[in-house]
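Make a model of this:
(2 chains)
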Amino acid sequence: MTSSTADATAPKGPRGPADAPILELRGLEKRYIGTHALKPADLAFKAGEIHAIVGENGAGKSTLIKLLTGVIPRSGGEIFWEGRPVALSTPHEAIDLGINAVHQEVVLCRHLSVAANMFLGEERTGGGLLKHRAMVREAQAILDDLGFDLPAHAVLGDLTIGQQQLIAAARAATRGTRFLIFDEPTAYLTRREAAQLFALIRRLEAQGVTIVYISHRMEEVFELASRVSILRDGTLVGTRAIGETDEADLISLMINRSIEQIYHKDPYTPGKTILETRGLSGPGFENVSVTVREGEIVGLYGLIGAGRSEFVTTVFGRHKRTAGTVLWDGQEVDIRSEHQAIELGIALAPESRRDQGLCLNLPVGFNINLPVYERLSAGGLINGRREAEMADAQIAGLRIKTPSRGTLASSLSGGNQQKIVIGKWLNHGARLFIFDEPTVGVDVGTKAEIYRLFSELLSRGAGIILISSYLPEVYELADTLHVFRRGALVSSHGYRQASHEDILTRAIGV
Amino acid sequence: MTDVTTKSRLLPQSRLNFLFGLTLLALLLLLWVVLGFATQSFWTGNNISNLLRQGSMIAILAIGQTFVIITGGIDLSVGAIVGFTSVIVSLFLQWNLPIPVAVILTLLIGVGIGLFHGFGIVRMGLPPFIITLATLTSLRGIGLLITNGATISITNDTFTAFSRANFLGIPSLFWMVILVAVPAYILLNHSRWGRYLFAVGSNAEAARLSGVNVRRIIYMAYVLSALFASFVGLLLAARIGIGNATQAEGWELQAIASSVIGGTSLFGAVGSVHGPLLGAFILATINNGANLLNVNSFWQRIITGGLIIVIVYFDQLRRRRS
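Next up, the predicted model:
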């Protein structure tokens, strides 16, 4: 695809002259207390183009989306819609202009039908009553027209996440939308669903809708976009026509720092084996054999849904294994509950820290001490002084930025929250740590600190299982890297043994 | 940074709780002063004793209720447990069981009811509202069935004399509040199980992944609530000298109201022991004062409702600001 496509299609498109920006940002910025989430940015979206935005986690992509959809107020700068300055201070205003977004997580009502979701807020009524059948018929016509092959009368929650994502896209596409933002839309899609989504996006492009496409996946960016903008640490570092750039160019713009600066790694000397699985099978994975030794980081890489998380949660005792054995210190063990896993010396830092990792409306110190209260108390009674000292020592040691140990965990930044989720295990004395996507939504500086925590754990003789969908992270940190695809362990590599391309190919399975 | 010795506690919002407690205490004292001026009989020994007796039973229920609410649950059955256990202890005394045996057996039945609630929530996956609503209605039914709807009189004078007794000039019923509140305070504020109650109410999943046995903590909360309710059943039976399954109707709502007035959040993870105590005695004072002022008892209900709205609203404002 070339950058000239935008001019070619314009019959139903915007009124302005061809190539005129539909939306223009001048010096747009967003500041939070202590951080500059988006530094002043100038960017013009041409009417009817597909404009990709790339950048690492925490580079400012979500901030930009939230500003464009009126979810958060800007701290400075101007936004022009078809040449007119607009406030964009509420989501309502954005929708009225024709700006819509399809988010990574589906934000629809799971208990309502597909048709009800598609018409949510714009229901067809007759005499004040809902016209159910008309809506189902109309919704089905739209879905059929898009070639989605999904039933409009089905309950949304009964569909797969990928199918729900398609419904969300169809919904956004049929509401007079003229500027549509896709935020990592393919994260949970199968290849077939992704192809259907791309067809929808091309169709919208042909209708003159401007598309902003945010993705980690370089191949998608090159397949779809006509131009691409790069964000790094809150700065818009450049915009390129897709024909004038390549993957290496984009990556160097996205990162622009030496990998060694972030990925701190001490030389690894294999210790004795802590955990071994032999032909372990369970829900979502089969016949997985993995060994974790003292001082070793074992990386698990694969696409979402490849079975990595299911494998570790089964080891952690949440699911029942269906076949195979687990050995702990060379002894066969039958871990049937998470409590038992923790007693054994396994700690798990879950992927979603808000849902699973933290007691948000309780103090920082409380969260830090939660795994070790047994040791802070005698006969059940807590030694208040030791509790406070322990919390303060941890806060200082982990460099958690908080006014005091009594501050509620909810008021900390994502990176500091993540330091609690990981750091609370330091005093616990666990020997095997499972980290599931530990650096999602965390800025680069905090990432480096989290990796240093890893080193500290390893130096104490612990072993780490690191799950990540971010290849450079597992690639640079893992002493042994296992690649998962569709519930199977498809290949294993030593530290930096295979190339990125090789690993990606195995994970995708092309 | 903070100083370890002066602020060594890591309880959720402990400083705010303290301020809020002082505010409630001031409100209670204000009510007492106003009633002292407005009526001649308020500051008589008889009336104060009466007030303490009235407030005591709800106060004990409110403490148990608070444990449950901190975990994010609710116990609607406490009023029914009071009525039911008053029948049970009356029966035991009718069978001429010695008082200690009758008391212990009744309390054990309370523990059993609490275990059943825990079982329903943890094992059957029922919402706390539903399982305790079910026992609310069925316990009253069982109590009526046992007695065939009749009232059992307690002829054991030693048992009933207890409720009228004073110790150091203070009604024995109020001493029972202290007997319950002190261990409850230690449990909630100074033991790890107290910490776990808060953790479960804040984020049960995070607590579980941190090694907390969430199921056991939920069992504990409902067992304590039912145990305290059966204890109140004993006190009520002693006070009115009868066992009747329809007694204590609506006490669950008074207990919840006391807890909420005392700063407990129905969303879980916020609560104390002193809050519900003050809440219970504020409600008791309003009822007592309204009686002395000859206010229509229907009005008492309306005033109580209004008070809940006002106090909880100000509590919300305070939380939002912090």
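
CA only for contacts and neighbour counts going forward, please
OK.

Can you name the residue of chain A that approaches chain B most closely?
residue A:381 (4.1 Å; Cα to the nearest Cα).

Looking at chain A, which residue reaches furthest from the middle?
residue A:127 (44.5 Å; Cα atoms, centre = their mean).

What count of nearby residues applies to residue 247?
As the question left the chain open, I've gone with chain A. Using other Cα atoms under 10 Å in any protein chain shown, residue A:247 has 12 other residues around it.

that's the other chain; I wanted chain B
Residue B:247 has 21 nearby residues by other Cα under 10 Å.

doesn't it fall inside a strand?
No: with DSSP: H, G, I helix; E, B strand; the rest coil as the criterion, residue B:247 is coil rather than part of a strand.

Got the phi and psi for the residue in the stretch 151-300 of chain B that chain A sits nearest to?
Closest contact between the stretch 151-300 of chain B and chain A, by Cα to the nearest Cα, is at residue B:191 (4.1 Å). Backbone torsions for residue B:191, taken as degrees, to the nearest 10, come to phi -120, psi 160.

How about it, nearest residue that isn't a chain neighbour?
Leaving aside its chain neighbours, residue B:191 sits nearest to residue A:381 (4.1 Å; criterion: Cα to Cα, 6 or more residues apart in numbering or on different chains).

Ramachandran coordinates for the one you found?
Torsion angles, degrees, to the nearest 10, at residue A:381: phi -90, psi 140.

hey, what's it bridged with?
residue A:378, residue B:191 (DSSP bridges).

Was I right to think residue A:71 contacts residue A:90?
Yes: assessed by Cα atoms under 8 Å, residue A:71 is found in contact with residue A:90 at 6.0 Å.

Okay, helices next: where are they in the stretch 201-322 of chain B?
Residue ranges of the helices in the stretch 201-322 of chain B, as given by DSSP state H, counting those that start in this stretch, are B:204-209, B:214-240, B:251-261, B:274-292, B:297-321.

As JSON lines, these with mean pLDDT, distance to residue A:349 and mean neighbour count would be great.
Formatted as JSON lines, these follow (pLDDT from 0 to 100; distance: least, Cα to Cα, whole Å; neighbours: other Cα atoms under 10 Å in any protein chain shown):
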{"stretch": "helix B:204-209", "mean pLDDT": "87", "distance to residue A:349": "8", "mean neighbour count": "23"}
{"stretch": "helix B:214-240", "mean pLDDT": "95", "distance to residue A:349": "18", "mean neighbour count": "25"}
{"stretch": "helix B:251-261", "mean pLDDT": "91", "distance to residue A:349": "34", "mean neighbour count": "26"}
{"stretch": "helix B:274-292", "mean pLDDT": "90", "distance to residue A:349": "35", "mean neighbour count": "23"}
{"stretch": "helix B:297-321", "mean pLDDT": "78", "distance to residue A:349": "30", "mean neighbour count": "13"}
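
Any idea which of these gets closest to residue A:454?
helix B:204-209 (19.2 Å; Cα to Cα).

Enumerate residues external to that closest one that contact any of its residues.
A:338-339, A:347-349, A:355-359, A:370, B:196, B:199-200, B:213-214 (Cα atoms under 8 Å, 6 or more residues apart in numbering or on different chains).

Just the buried ones from those?
Buried subset of the contacts of helix B:204-209 (neighbour count, 16 or more other Cα atoms under 10 Å in any protein chain shown): A:338-339, A:347-349, A:356-359, A:370, B:196, B:199-200, B:213-214.

How about the contacts made by residue A:156?
A:109-114, A:117, A:164.

before we move on, what about residue A:494?
Residue A:494 neighbours (Cα under 8 Å, 6+ apart): A:478-481.

Repeat that for residue A:348.
Shown in contact with residue A:348 (Cα under 8 Å, 6+ apart): A:316, A:433-436, B:209.

hmm, 7 Å instead?
A:433-435, B:209 (Cα atoms under 7 Å, 6 or more residues apart in numbering or on different chains).

looking at this, it is in a strand?
Yes: if the criterion is three-state DSSP, then residue A:348 is within a strand.

Spell out which helix or strand contains the residue nearest to residue B:75 when sequence neighbours are not counted, please.
Distances taken as Cα to Cα, 6+ apart place residue B:132 nearest to residue B:75, at 5.7 Å, with adjacent residues excluded. Per DSSP states H and E, residue B:132 falls inside helix B:128-147.

most neighbours, which of the contacts of residue A:156?
Most crowded among these, counting by other Cα under 10 Å, is residue A:114 at 30 neighbours.

Would you mind measuring from the closest residue to residue B:76 other than its chain neighbours to chain A?
Using Cα to Cα, 6+ apart and skipping residues adjacent in sequence, the residue nearest residue B:76 is residue B:132, 5.2 Å away. The gap separating residue B:132 from chain A is 26 Å, by Cα to the nearest Cα, to the nearest Å.

so residue B:132 touches residue B:73, yeah?
No: in this structure, residue B:132 is not within contact of residue B:73 by Cα atoms under 7 Å, at 10.1 Å.

Could you check which of those two has the larger neighbour count?
Between residue B:132 and residue B:73, counting by other Cα under 10 Å, residue B:132 is the more crowded of the two (26 against 22).

which residues does that one contact?
Residue B:132 neighbours (Cα under 7 Å, 6+ apart): B:75-77, B:117.

ok, which pair from those is furthest apart?
Within the contacts of residue B:132, B:76 and B:117 form the most distant pair, 10.7 Å apart (Cα to Cα).

between the two, who's got more neighbours?
Neighbours were counted for residue B:76 and for residue B:117 using other Cα under 10 Å; residue B:117 has more, 29 against 25.

where's that one relative to residue B:126, distance?
9 Å (Cα to Cα, to the nearest Å).

Tell me the buried residues in the helix or strand where residue A:145 lies?
Residue A:145 is part of helix A:132-146 when elements are defined by DSSP H and E. For helix A:132-146, the neighbour count (16+ other Cα under 10 Å) marks A:135-136, A:138-140, A:142-143 as buried.

Then stretch A:369-385?
Residues A:369-374, A:376-377, A:380-385 are the ones in stretch A:369-385 that count as buried (16+ other Cα under 10 Å).

Kindly reformat these as TSV and extend each row with pLDDT, secondary structure and distance to residue B:103.
Formatted as TSV, the buried residues of stretch A:369-385 follow (pLDDT from 0 to 100; DSSP: H, G, I helix; E, B strand; the rest coil; distance: Cα to Cα, whole Å):
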residue	pLDDT	secondary structure	distance to residue B:103
A:369	89	helix	40
A:370	89	helix	37
A:371	87	helix	39
A:372	86	helix	38
A:373	88	helix	35
A:374	83	helix	34
A:376	85	helix	36
A:377	85	strand	33
A:380	83	coil	27
A:381	88	strand	28
A:382	87	strand	32
A:383	85	coil	35
A:384	85	helix	36
A:385	86	helix	39
